[in-house]
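S.K.: My questions concern the predicted model and sequence given below.
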Amino acid sequence: MAKKKTGHKGYDQSRIRNIGIVAHIDAGKTTVTERFLYYSGRIHRIGEVHDGNAQMDWMVQEQERGITITAAATYLPWKSSEIHLIDTPGHVDFTIEVERSLRVIDGAVVVFCARGGVEPQSETVWHQADKFGVPRIAFVNKMDRVGADFFRVVDEIRERLGANPVPVQIPIGAEDSFEGVVDLIAMKAIRWTGHEEDPPQEVDIPADLMDEVQKWRMNMMEAAAEQDDSLTEKYLESEHLTEEEIVRGLRQGTISGAVVPVLCGSALKNKAIQPLMDAVVTYLPSPEDLPPIEVRNLRSGESVHLDQSPDGPVAMLAFKVQMEGTRKLVYFRIYSGTVHEGDDLLNVRAKKKEKLSRMFRMHANKRERLEEARAGDIIAALGMKSVKTGDTLCQGKEQFLLEPIDTYEPVISMAVEPKNMEEKKKLEEILPRMMEEDPTFRVSEDPETGETIISGMGELHLEIILDRITRDYGVQARAGRPRVVFRETVKGTSLGQARFERVMEDDSGKEKHIFGAVELKLEPQPRGAGNEVAVQEGLSDTFGHHRFIEAAVEGATEALKGAGANGFPVADVKVTITGLEYKPEGSDDVAYKIAAQEAFRRAFDEDGGVMLEPIMKLEVVVPDEYVGEVMGDIGQRKGKVEGMEKQGDRQLIHAVVPLRNMFGYATQLRSKTRASAQFTMSFLRYGTVDDIV
């Protein structure tokens, strides 16, 4: 329920921190977020993921499974700053939630398990952050767990992620003897009792840790000095920097991406959360610390740079859509300008006007009404009919296009059969809304059976979708077995030609002769290269009629979006228009377009096509005693083990596998290893099983 309207009193952009918390599943992201909220005074009772009452996991499906499914936004005060925080999922099936969150945040806290270290999904989210140039700090969580090893995790961050981790703390103890941390900057030890209401206690650094402390403090000081020429000069002369100089150097290095400050603690045991919150404010950037954003000016067509200033022209990016019945709640990051409730805006993609009738700051699924929002703010708005994920909204004559948000193609599908026609009608109403919320969820109809086919990123993704269909929306439906989404490509080079001649009536009823003839060539492209349409070099000069060439290109482009010889979507095919025939009387755009489509079909039928299936990257973390059994099972599934890495008393197995042989793998892996192994599986490419072996 909306609360009273608020604006921004004493607005100071330098005090804003837009951050995300990202990690491998079960590393403790939501537990960390819950402590952030509690210690900032935003909530007064800590909810736990395992109890199903964490504030940020508000969906029923999240509470039951103890995992985060959808990115949730909140805000909280800390010291003199305001932190806008997005808690993201860790499961690979919901990686789009991480992708679109990283697109709009300014900094990230990456959480690692002190026992698991750099786990498979840790690498995925790290490289997603690399893609957007997001500054990071690392938090080694679960220091109280058996097998916790802070320094091993630091080494893994360096070796596996190619980063420059710089500890600014080291732990006091580990496993059941973990008590607190040594602050290497202030040179003091901090202990916690584990009771949430007890304040941290500053004590002397344990004598037996002093050598280790001096070693890591020197490492930290060197890293700070390297970020600034004046600090480098001072350090070379004196081998000493003040606390303020160390912080200055580390902050510069963090914002530039050259340094990753590393902290540690135990979120579940309420240890070392306050220093992590301090680090967010100290090291991660405010919007004004970041360079101008690159946008495309739609009037001039040129790329320009836009300052992230509240005084500039309005530019805001829709990064998430959430349906509330038939209404959309759209999440925005404002990059430039200031907006007010009631403002008229323009959806640049759709070329449609939208009124900012109501806007809010979000706390999970709760909201607080706003009258005004400025550059740097993350807000939500109701009533935006035309807006989709990735859309840019502007105001007035200035029109810019922000970089859109990438999405992913689904790799698994299943049929959904409603109980009766009434349920079918309800299903047809809700599925488009669910697609608006989730760009990786697709719906189609099987042309042969008429079945409704839903497609997504994995078994868990479709399981959640189906649960929402039946429980949240009350549709009585049953699902078929999951099946992979196939593609097809051509085996080799094939040629096709077609003529289209018809006598048709024009608008006045007069007969009109139309003509078009096209020759084209199909060739396979490298796996993952995508589809392409080209015109043979010199054809434009010899043929001359450019509008008919453009019509043929349009026809070939549409044909690539259809099906190949076996009825599956086409992938990795290059079409080259090699020739056209012209008649002074009758040559027509539509005829060339249709002729190109028919020539494509004939060429594909002649080749016969080859089936492509989803090839997945599989990473299994397994105790040493089960390695042989797990590797043997991968071989039986026609997968290929590509390497192994030692991780403490466990092995990390890297493999590639065909998705069609992996259904039910979670259950079977649990059985084979007595529930001691974990795996992550993500889409790698489309290919054939022959590509694997």
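M.R.: Done, it's in.
S.K.: tell me the contacts of residue 573?
M.R.: Residues near residue 573 by CB atoms under 8 Å, 6 or more residues apart in numbering: 489-490, 522-525, 531-532, 560. Quick note: C-beta positions are derived from backbone N, CA and C, even for glycine.
S.K.: what's the spacing between the residue lying closest to residue 296 once chain neighbours are set aside and residue 392?
M.R.: Once flanking residues are discounted, residue 296 sits nearest to residue 401: 4.4 Å by CB to CB, 6 or more residues apart in numbering. For residue 401, the distance to residue 392 equals 5 Å [CB to CB, to the nearest Å].
S.K.: Number of residues surrounding the residue nearest to residue 296?
M.R.: By the measure other CB atoms under 10 Å, the count of residues near residue 401 is 17.
S.K.: Which members of the contacts of residue 573 occur in strands, if any?
M.R.: Taking DSSP state E, the ones among the contacts of residue 573 that sit in strands are 489, 522-524, 532.
S.K.: Can you select the buried ones from the residues you listed in ChimeraX?
M.R.: The buried residues among those can be selected in ChimeraX (16 or more other CB atoms under 10 Å) with this line:
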select :489,522,523,524
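S.K.: so which of the ones in strands among the contacts of residue 573 comes closest to residue 662?
M.R.: Nearest to residue 662 among those is residue 489, at 22.2 Å by CB to CB.
S.K.: which non-adjacent residue is nearest the closest one?
M.R.: Nearest residue to residue 489 in three dimensions, chain neighbours excluded: residue 572, at 4.7 Å (CB to CB, 6+ apart).
S.K.: Just the pLDDT for the one you found.
M.R.: pLDDT recorded at residue 572 is 92.
S.K.: Which residues belonging to the helix or strand containing residue 211 are considered buried?
M.R.: In the assignment (DSSP states H and E), residue 211 maps to helix 210-225. Using 16+ other CB under 10 Å as the test for burial, helix 210-225 gives 213, 216-217, 220-221, 223-225.
S.K.: Can you name the next helix or strand after it?
M.R.: With secondary structure assigned by DSSP H and E, helix 210-225 is succeeded by helix 229-238.
S.K.: now that next one, how far from the chain's geometric center?
M.R.: 40 Å (CA atoms, centre = their mean, to the nearest Å).
S.K.: list the contacts for the spatially most central residue of the chain?
M.R.: For the chain, the residue nearest the mean C-alpha position is residue 99 (1.7 Å; CA atoms, centre = their mean). Shown in contact with residue 99 (CB under 8 Å, 6+ apart): 128, 405-407.
S.K.: Show me which of the ones in strands among the contacts of residue 573 is closest to residue 652.
M.R.: Looking across the ones in strands among the contacts of residue 573 and measuring by CB to CB, the closest to residue 652 is residue 489, at 32.6 Å.
S.K.: residues in contact with that closest one?
M.R.: 524-525, 564, 570-573, 609-610, 612.
S.K.: and those, which are buried?
M.R.: Applying 16+ other CB under 10 Å to the contacts of residue 489 flags 524, 564, 570-573, 609-610, 612 as buried.
S.K.: Surely residue 199 is within a strand?
M.R.: No - secondary structure of residue 199 (DSSP: H, G, I helix; E, B strand; the rest coil): coil, not part of a strand.
S.K.: Tell me the spacing between it and residue 192.
M.R.: Distance from residue 199 to residue 192, by CB to CB: 9 Å.
S.K.: out of these two, which sits in the more crowded spot?
M.R.: Neighbour count, other CB under 10 Å: between residue 199 and residue 192, residue 192 has more, with 22 against 9.
S.K.: Surely that one and residue 203 touch.
M.R.: No - using CB atoms under 8 Å, residue 192 makes no contact with residue 203, being 11.1 Å away.
S.K.: low-scoring pLDDT stretches of the protein, where are they?
M.R.: Flagging of the chain using pLDDT under 70 yields the residue ranges 1-11, 47-69, 90-93, 325, 448, 506-508, 689, 691-693.
S.K.: for it, which helix is longest?
M.R.: If you go by DSSP state H, the chain has its longest helix at helix 589-607.
S.K.: next helix or strand past that one?
M.R.: Later in the chain than helix 589-607, the nearest helix or strand by DSSP H and E is strand 610-623.
S.K.: secondary structure element for the residue nearest to the centre of the chain?
M.R.: helix 95-104.
S.K.: related to what we said a few turns ago, list the residues that are in contact with both of residue 401 and residue 392.
M.R.: 295, 348-349.
S.K.: Look up how far residue 591 lies from the residue of the chain most remote from its centre.
M.R.: Relative to the C-alpha centroid of the chain, counting by CA atoms, centre = their mean, residue 510 is the outermost residue, at 55.7 Å. Distance from residue 510 to residue 591, counting by CB to CB: 17 Å.
S.K.: Narrow the contacts of residue 99 to those in helices?
M.R.: residue 128.
S.K.: residues in contact with the residue nearest to residue 486 when sequence neighbours are not counted?
M.R.: Leaving out its chain neighbours, the residue that sits closest to residue 486 by CB to CB, 6+ apart is residue 568, at 4.7 Å. By CB under 8 Å, 6+ apart, residue 568 lies in contact with 486-488, 611.
S.K.: 6 Å - rerun?
M.R.: Residue 568 sits next to 486-488 when contact means CB atoms under 6 Å, 6 or more residues apart in numbering.
S.K.: got it, and residue 328?
M.R.: Here residue 328 is in contact with 321, 384 (CB under 6 Å, 6+ apart).
S.K.: And the residue lying closest to residue 449 once chain neighbours are set aside, how close does it get to residue 437?
M.R.: What sits nearest to residue 449 in space, not counting adjacent residues and going by CB to CB, 6+ apart, is residue 415, at 7.8 Å. For residue 415, the distance to residue 437 equals 21 Å [CB to CB].
S.K.: Kindly report the same for residue 134.
M.R.: Taking CB to CB, one finds residue 134 at 24 Å from residue 437.
S.K.: So between these two, which is more surrounded?
M.R.: residue 134 (24 against 16).
S.K.: Next up, the contacts around the closest residue in space to the more buried one that isn't next to it in sequence.
M.R.: Nearest residue to residue 134 in three dimensions, chain neighbours excluded: residue 108, at 5.1 Å (CB to CB, 6+ apart). Residue 108 makes contact with 20, 22, 129, 134, 136 under the criterion CB under 6 Å, 6+ apart.
S.K.: Having no further points to raise, I will conclude here.
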